[in-house]
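Participant: no FASTA, just this:
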C-alpha cells in the first residue's frame, strides 16, 4: 500500500500544478509558512519519485525555481493529442476562458482564473496551441499576458474585437472585478 503524503508535500504538488513559470523555493515556503529546507527536501523527493516511477511529468528546478513539465519521452504523444484535438469542438471551459481573454485582454492566467474561479492552465495551453490566443510581448519579470488572435476573429466571423457584444448586460458585476484588480 502506498504511504500517504504529508500535508506540506500535497500543498507543494498543488502549487506546482498551477504555476505557469518556475516557482522559487522562497515563494513556496512563504506561501506555505514552511522552512525553506523542508520545502527543498520535499521538492527533491517529488522529483526523485517522478524519475523513479518513469512518470510522464518531470520536475525541473534551478535558481529561478521549480516547475512540472511533460516528459520529453512523451513529446510525440503530447503533440499527437494536441494536434488531434485541434479539429474538435471547444469545451465549455475553453469557451468561457476564451471569452474572458477576449473581453479582458491582455490578461494574465491569474486574472482569467480569478474570473472563472478555477485553474485555467491546461485550457490556456490548449487555446494557445490551437492558435486562438497568444502571449503578448512583456518586459522581463512581468507576468505573461494573453490576447486573442486573428484566427479567433476569423472563427467568430468578425473583423475586430469591437464587433463583440457588450459585456455589461451579460455580467452586470464585471466592473467590480476590474475595480478589485486595480
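Facilitator: Received, thanks. Just so we're clear, the structure is a prediction, and the values are computed from it rather than from any experiment.

Participant: Compute the distance between the residue sitting nearest the centre point of the chain and residue 114, please.
Facilitator: In the chain, the residue lying closest to the centroid (C-alpha atoms, centre = their mean) is residue 121, at 2.2 Å. In this view, residue 121 and residue 114 are 14 Å apart by C-beta to C-beta, to the nearest Å. For the C-beta atoms, the positions are set from N, CA and C on the backbone; glycine is no exception.

Participant: for the residue nearest to the centre of the chain, what are its contacts?
Facilitator: 17, 18, 20, 109 (C-beta atoms under 8 Å, 6 or more residues apart in numbering).

Participant: redo that, cut-off 7 Å
Facilitator: 18, 20, 109 (C-beta atoms under 7 Å, 6 or more residues apart in numbering).

Participant: want to throw those into a markdown table with pLDDT and secondary structure?
Facilitator: Converted to a markdown table, those look like this (pLDDT from 0 to 100; DSSP: H, G, I helix; E, B strand; the rest coil):
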| residue | pLDDT | secondary structure |
| --- | --- | --- |
| 18 | 84 | helix |
| 20 | 76 | coil |
| 109 | 88 | helix |
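
Participant: Format those residues as a markdown table; extra columns: distance to residue 79 and neighbour count.
Facilitator: Shown next, in a markdown table, are the contacts of residue 121 (distance: C-beta to C-beta, whole Å; neighbours: other C-beta atoms under 10 Å):
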| residue | distance to residue 79 | neighbour count |
| --- | --- | --- |
| 18 | 23 | 14 |
| 20 | 20 | 15 |
| 109 | 22 | 23 |
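
Participant: Among these, which one sits closest to residue 28?
Facilitator: residue 18 (11.7 Å; C-beta to C-beta).

Participant: thinking the closest one is in contact with residue 120, fair?
Facilitator: No. Using C-beta atoms under 7 Å, residue 18 is not in contact with residue 120, being 9.2 Å away.

Participant: measure the residue nearest to residue 94 when sequence neighbours are not counted to residue 142 for me?
Facilitator: Leaving out its chain neighbours, the residue that sits closest to residue 94 by C-beta to C-beta, 6 or more residues apart in numbering is residue 123, at 5.2 Å. Using C-beta to C-beta, residue 123 is found at 22 Å from residue 142.

Participant: ok, and for the lengthiest helix in the chain, which residues are buried?
Facilitator: Using DSSP state H to define each element, the chain has its longest helix at helix 36-52. Neighbour counts over helix 36-52 (16 or more other C-beta atoms under 10 Å) mark 39, 42, 43, 46, 47, 50 as buried.

Participant: contacting residues for the fourth one?
Facilitator: Read it as residue 46. Each residue near residue 46 by C-beta under 7 Å, 6+ apart is listed here: 9, 12, 13, 59.

Participant: repeat that for 8 Å
Facilitator: Contacts of residue 46 by C-beta under 8 Å, 6+ apart are 9, 12, 13, 16, 59.
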